[in-house]
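Undergrad: Give me a 3D structure for the following:
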Amino acid sequence: MNIAVFCASSDNVGSEYRQLAHSLGEWIGRKGHVLVYGGATGGLMDEVAGGAHSENAEIVGIIPQSVIDRGRMSDLPTELLKVSDLGERKAMLKEYADVFVALPGGFGTLDEMMDAISARKLAETDARTIIVNVNGFYDGLEMLIGRFNADGLGKPVDAECYSIVYSFDELIEELSR
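TA: Here you go, the predicted model:
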């Protein structure tokens with residue numbers, strides 16, 4: 001299974017998030033899955049790729065030229081695909097992914113996550129998105145989704161596009177089903 005992971009590239013992330021990302025990467029490798037991610041250095045990107053690398057996983061990095069130009073290209077991917085911009089990266093992630101996992105992250109993570117959920121809703125991909133809400137990181141997003149639904153902006157089919165889990169164990173259970 002190709003597991004695309006969206007996550008922070010910032011080095012200013014806490015140890016619990018780092019451990020979560022590293023453990024996910026290790027699990028991907030132990031189970032013989034493929035990690036697909038942004039291909040950059042830093043933060044949770046390094047952790048998930050480092051965990052996968054430690055278990056000899058296949059790692060596909062999809063990195064835009066603007067990130068390469070900033071000197072942030074990782075040497076961990078077994079296959080590194082260079083793309084012109086973030087839009088092309090999101091398109092390639094959707095081509096490769098069997099499932100998306102959204103770990104804690106910033107605007108880039110949020111953008112990629114929403115794009116993947118919307119693409120599933122529009123039948124542009126079969127891949128569902130699993131949002132990992134550890135430490136209440138995505139509580140605000142859950143409130144916003146509730147507001148979407150309360151105000152008639154969400155639809156029941158939306159829930160088929162994503163799921164929310166609250167721990168590493170729940171994430172693994174969701175990935176294993």
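
Undergrad: Give me the buried positions along the helix or strand bottoming out on mean pLDDT in the chain.
TA: In the chain, no helix or strand scores lower on mean pLDDT, DSSP states H and E than helix 139-150, which sits at a mean of 92. Residues of helix 139-150 classed as buried by neighbour count (16 or more other CB atoms under 10 Å): 141, 145. Every C-beta, even on glycine, is put in place using the N, C-alpha and C of the backbone.

Undergrad: for it, the distance to its chain's centre please.
TA: The chain centre lies 20 Å from the centre of helix 139-150; the measure is CA atoms, centre = their mean, to the nearest Å.

Undergrad: Tell me the first helix or strand C-terminal of that helix.
TA: Counting by DSSP states H and E, the element after helix 139-150 in chain order, helix or strand, is strand 162-165.

Undergrad: same for that next one, what does it pack against?
TA: Strand 162-165 sits against strand 128-132, helix 168-176, with contacts defined as 3 or more CB pairs under 8 Å, 6 or more residues apart in numbering; DSSP states H and E.

Undergrad: any idea what residue 25 is structurally, helix, strand or coil?
TA: Three-state call for residue 25 (DSSP: H, G, I helix; E, B strand; the rest coil): helix.

Undergrad: Mean neighbour count for the helices and strands packed on strand 162-165 - can I get that in a markdown table?
TA: Below are the helices and strands packed on strand 162-165 laid out as a markdown table (neighbours: other CB atoms under 10 Å):
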| stretch | mean neighbour count |
| --- | --- |
| strand 128-132 | 22 |
| helix 168-176 | 15 |
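
Undergrad: All the helices of the chain, residue numbers only.
TA: Assigned by DSSP state H, the chain shows helices spanning 15-30, 43-54, 65-69, 86-96, 107-121, 139-150, 168-176.

Undergrad: which other residues reach the second one?
TA: Residues from elsewhere that reach helix 43-54, judged by CB atoms under 8 Å, 6 or more residues apart in numbering: 5, 7-13, 17-29, 35, 37-39, 59, 61, 74, 76-77, 103-105.

Undergrad: Longest strand in this structure, please.
TA: Ordering each strand of the chain by length in residues (DSSP state E) puts strand 58-64 first.

Undergrad: Pull out the buried residues from that one.
TA: So for strand 58-64, counting by 16+ other CB under 10 Å, buried means 58, 59, 60, 61, 62, 63, 64.
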